[in-house]
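Visitor: Need coordinates for the following:
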Amino acid sequence: MSREMILTNRQKGIILAVTGAFFWGVGGVASDWLFTNKGIDIDWYVTARLLASGIFLVAVHRFMSKDIPVFSIFREKSTVMRLIIFSIFGMLLVQYSYMASIDYGNAAIATLLQYLAPVYIIIWYLIKGQERVNAFDALAIFLTLTGTFLLLTNGSFENLSVPLPAVVWGVISGFSLAFYTIYAGALLRRFPSVLVVGWAMIIAGGVMNFIHPVWEVGAGRMDMATIAVLLFGIFAGTAIAFWFFIKSLEYISAKETTLFGTIEPLAAIVASVIVMNVVFQSWQLVGMFLILVLITLLSLKKQDE
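Guide: Numbering: from 1, shown residues only. Predicted structure coming up:
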């Protein structure tokens, strides 16, 4: 393979990783816009988002990978049970808590709180005794506590600068993402991630469908702008974003893909300011900077860790 071809493939990987992360970040802001300006019901939106994205990802696997049948994941009872637990307590809880945090607050805050999940994973392994405290862990925990405090309080002990429900749902989102990441390991060692996530979304969406059927749109103004943003949030902001992230691994390393993924919270912050006119105070900006530094450090950490 020529050097020119290697460079071309690397460029493809970078474009896919950056585009996927950008779609993820802006997709959260699209959801914020739908909740705030169009009165879209969060329960219906989560149902539609999960079902549509799940079907899309399973279809992608069906047409791009002939070796592993789409229903092969359902052959063993133990695997099915693990998939159901992952779907409800991982996928569904991550998606719903993230959207609820956006609904009560904004996409930037929700994204940053969710991105604290790797620190929760570090703390979990420290508690279990599977990892010893080192300088990196201490720095990560310090940046998490300091950055989150400044982000949520603007440096004041007296009151929150962010609505409490947004904080609670954001923290739940981070913890559920940590569970999602750890618990998915056994499934991902046996099946492609697109297939696992696709079926998890379909199952989670099916559960949500009992709460709010997807065919009952409910409150909300369904004009052309709303439909366009809905399609972007459901497909580009979820399904295509994940697909691009996985596809980029064919061209660049997982470590590089994760590093380029740090664009997601930055995109959410910038889009929130431009689209939703969100204004952050001085110490909140310092907190954001510390959390972004943390995210970058976590991405640079050795992949085997």
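Visitor: only C-alpha atoms for contact and neighbour calcs from this point on.
Guide: OK.
Visitor: Output the longest helix belonging to this structure.
Guide: Taking DSSP state H as the criterion, the chain has its longest helix at helix 3-37.
Visitor: what comes up buried for that one?
Guide: By neighbour count on 16 or more other C-alpha atoms under 10 Å, the buried set for helix 3-37 is 9-10, 12-35.
Visitor: List the buried residues for the following helix or strand past that helix?
Guide: Reading on from helix 3-37 to the C-terminus, the next helix or strand found by DSSP states H and E is helix 42-64. For helix 42-64, burial by neighbour count (16+ other C-alpha under 10 Å) applies to 42-62.
Visitor: what's the model's confidence in helix 42-64, averaged?
Guide: Across helix 42-64, the average pLDDT comes to 93.
Visitor: which outside residues touch it?
Guide: Residues from elsewhere that reach helix 42-64 (C-alpha atoms under 8 Å, 6 or more residues apart in numbering): 35, 69-70, 95-96, 99-100, 103, 194-195, 197-202, 204-206, 208-209, 211-214, 216-218, 233-235, 238-239, 243.
Visitor: Specify the angle between that helix and helix 3-37 in degrees.
Guide: Per axes from the mean of the first three to the mean of the last three C-alpha atoms, to 10 degrees, the angle that helix 42-64 makes with helix 3-37 is 160 degrees.
Visitor: Please write out the alpha-carbon positions of helix 42-64 in CSV.
Guide: As requested, the backbone C-alpha atoms of helix 42-64 are provided in CSV (Å, rounded to 0.1, in the frame of the first residue of the first chain):
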residue,chain,number,x,y,z
ILE,A,42,-39.4,14.2,25.8
ASP,A,43,-41.0,10.7,26.3
TRP,A,44,-42.1,10.6,22.7
TYR,A,45,-38.8,11.9,21.4
VAL,A,46,-36.7,9.3,23.3
THR,A,47,-39.0,6.6,22.0
ALA,A,48,-38.7,7.8,18.4
ARG,A,49,-35.0,8.4,18.7
LEU,A,50,-34.3,4.9,20.0
LEU,A,51,-36.5,3.0,17.7
ALA,A,52,-35.5,4.8,14.5
SER,A,53,-31.8,4.8,15.3
GLY,A,54,-31.8,1.2,16.4
ILE,A,55,-33.5,0.0,13.2
PHE,A,56,-31.1,2.1,11.1
LEU,A,57,-28.0,0.6,12.8
VAL,A,58,-29.3,-3.0,12.5
ALA,A,59,-30.0,-2.3,8.8
VAL,A,60,-26.5,-1.0,8.4
HIS,A,61,-25.0,-4.2,9.9
ARG,A,62,-27.3,-6.3,7.7
PHE,A,63,-26.1,-4.7,4.5
MET,A,64,-22.4,-4.2,5.4
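Visitor: what does stretch 140-155 contact?
Guide: For stretch 140-155, the external contacting residues (C-alpha under 8 Å, 6+ apart) are 113, 116, 119, 156, 159-162, 167, 281-291, 294.
Visitor: Among the residues you listed, the buried ones, what's the ChimeraX command?
Guide: To isolate the buried members of the contacts of stretch 140-155 in ChimeraX, using 16+ other C-alpha under 10 Å:
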select :113,116,119,160,161,162,167,283,284,285,286,287,288,289,290,291,294
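Visitor: And the longest helix of the chain, what does it pack against?
Guide: With contacts taken as 3 or more C-alpha pairs under 8 Å, 6 or more residues apart in numbering; DSSP states H and E, helix 3-37 sits against helix 93-104, helix 107-114, helix 224-231, helix 241-248, helix 254-260, helix 263-275.
Visitor: One more pass at 10 Å, please.
Guide: helix 42-64, helix 93-104, helix 107-114, helix 224-231, helix 241-248, helix 254-260, helix 263-275 (3 or more C-alpha pairs under 10 Å, 6 or more residues apart in numbering; DSSP states H and E).
Visitor: Kindly reformat these as a markdown table containing distance to Ala178.
Guide: Listed next are the helices and strands packed on helix 3-37 as a markdown table, based on distance: least, C-alpha to C-alpha, whole Å:
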| stretch | distance to Ala178 |
| --- | --- |
| helix 42-64 | 19 |
| helix 93-104 | 9 |
| helix 107-114 | 9 |
| helix 224-231 | 27 |
| helix 241-248 | 17 |
| helix 254-260 | 16 |
| helix 263-275 | 17 |
